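Undergrad: Give me coordinates for this.
(2 chains)
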Amino acid sequence: GIQVEQSPPDLILQEGANSTLRCNFSDSVNNLQWFHQNPWGQLINLFYIPSGTKQNGRLSATTVATERYSLLYISSSQTTDSGVYFCAAFKTSYDKVIFGPGTSLSVIP
Amino acid sequence: SAVISQKPSRDICQRGTSLTIQCQVDSQVTMMFWYRQQPGQSLTLIATANQGSEATYESGFVIDKFPISRPNLTFSTLTVSNMSPEDSSIYLCSVPSAGPNYGYTFGSGTRLTVV
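TA: Below is the predicted model of the structure:
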C-alpha cells in the first residue's frame, strides 16, 4: 500500500524565519495534497500538487513525482502558521487518502 | 470546490451512549469519506460511503460500531455507538473537491470527548 513519511516531526521557528517541510511517498502515488490543521482542529487545504511547483502568498510547494518527494516552503513565518502540516497521497481522485504523520510547527514571537 | 457543513463541531458524551455526526455538501458527490484523528495522531480512514450502497469499512472499523448512512448525494451521517473514552477523537468527513484532479475537501471536524 501507499506509504507517506514526513520530516521533521516537530519544528520551532522564530517569527519571520523560513522553513522547509518534506514529504516522501511510495510509488503508485499519482496525487499529493498539503494540509494545515490549525489549533482548533480544522483541516485547511493548502495545495493540490501532484507535480511541479505552486505558490500562494508566503507558501509554496514543489513535488518531484519521479523522485517521490514533495516540499512545502513557508517564508517569513507568522504565529498564525502554527499547527500541524500534513501531506496526503492517493492514487486516483476517488481512492482513499493516506496521510503522513504530520509536522508540528510552532512559530514563536 | 465543494463546501461541507459538518455538525456538531464538538460534543462531550457519556460512555455507553451514541453520537451522530452529520455532513452536508453543497453539491452532489458520488463518494464521501469518514476519517478519525485520535489525539496527537494523523488521520485514518474509517469508511467510504457511496449513495445507494453499503459503506465500505477499513480494517479495524466495523459497521456495528460506526454505522453510516448516505441517503442522497449531498448528505451523510456517521454514528459512533456505545462510546468509550478511547473513542475521544476528531471525526472528519471528506469529498473530492471538484471532480478529478482537484484533491479533497474536508469538513470542519467534530471534536468528541467521551467521559
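Undergrad: Dig out what the most centrally placed residue in chain B forms beta bridges with.
TA: Central residue of chain B (Cα atoms, centre = their mean): B:Trp34, 3.4 Å from the mean position. Under DSSP bridges, the beta-bridge partners of B:Trp34 are B:Ala47, B:Cys93.
Undergrad: roughly how far apart are it and chain A?
TA: Look at B:Trp34 and chain A: by Cβ to the nearest Cβ, to the nearest Å, they are 11 Å apart. In short, each C-beta sits where N, CA and C put it, glycine included.
Undergrad: Any idea what the closest residue to chain B within chain A is bridged to?
TA: Of all residues in chain A, the one sitting closest to chain B is A:Tyr48 (3.4 Å; Cβ to the nearest Cβ). Beta bridges link A:Tyr48 to A:Gln33, judged by DSSP bridges.
Undergrad: ok, it - how many residues close by?
TA: Neighbourhood size, A:Tyr48 [other Cβ atoms under 10 Å in any protein chain shown]: 20.
Undergrad: and the closest residue to chain A within chain B, what does it touch?
TA: Closest to chain A within chain B is B:Gly103: 3.4 Å, counting by Cβ to the nearest Cβ. B:Gly103 makes contact with A:Asn31, A:Gln33, A:Asn45, A:Tyr48, A:Ser93, B:Pro96, B:Ser97, according to Cβ atoms under 8 Å, 6 or more residues apart in numbering or on different chains.
Undergrad: re the thing from before, pLDDT at the residue nearest to the centre of chain B, what is it?
TA: Looking at B:Trp34, its pLDDT stands at 97.
Undergrad: Any regions of the chain where pLDDT drops low?
TA: As the question left the chain open, I've gone with chain A. In the predicted model, chain A carries pLDDT under 70 at residues A:93.
Undergrad: my bad, the chain I had in mind was chain B
TA: In the predicted model of chain B, residues B:99-101 satisfy pLDDT under 70.
Undergrad: For it, just list every one of the strands.
TA: Counting by DSSP state E, chain B has strands at residues B:4-7, B:10-13, B:19-25, B:31-37, B:43-50, B:56-57, B:68-72, B:75-80, B:89-96, B:104-106, B:110-114.
Undergrad: I'd like to know which of these lies nearest to A:Asn24.
TA: Distance to A:Asn24, taken as Cβ to Cβ, is lowest for strand B:43-50 among the strands of chain B, at 17.9 Å.
Undergrad: That closest one - contacts with which helices or strands?
TA: When contacts are defined as 3 or more Cβ pairs under 8 Å, 6 or more residues apart in numbering or on different chains; DSSP states H and E, strand B:43-50 packs onto strand B:31-37, strand B:56-57, strand B:68-72, strand B:75-80.
Undergrad: switch to 7 Å and redo it
TA: strand B:31-37, strand B:56-57, strand B:68-72 (3 or more Cβ pairs under 7 Å, 6 or more residues apart in numbering or on different chains; DSSP states H and E).
Undergrad: just the angle between the last one and strand B:75-80, please?
TA: Our comparison of strand B:68-72 with strand B:75-80, counting by axes from the mean of the first three to the mean of the last three Cα atoms, to 10 degrees, yields an angle of 170 degrees.
Undergrad: For the residue of chain B closest to chain A, which non-adjacent residue is spatially closest?
TA: For B:Gly103, ignoring the flanking residues on the chain, the nearest one in space by Cβ to Cβ, 6 or more residues apart in numbering or on different chains is A:Tyr48 at 3.4 Å.
Undergrad: Was I right to think the one you found contacts B:Tyr102?
TA: Yes: between A:Tyr48 and B:Tyr102 a contact is recorded at 5.9 Å, counting by Cβ atoms under 7 Å.
Undergrad: Right, I'll leave it there.
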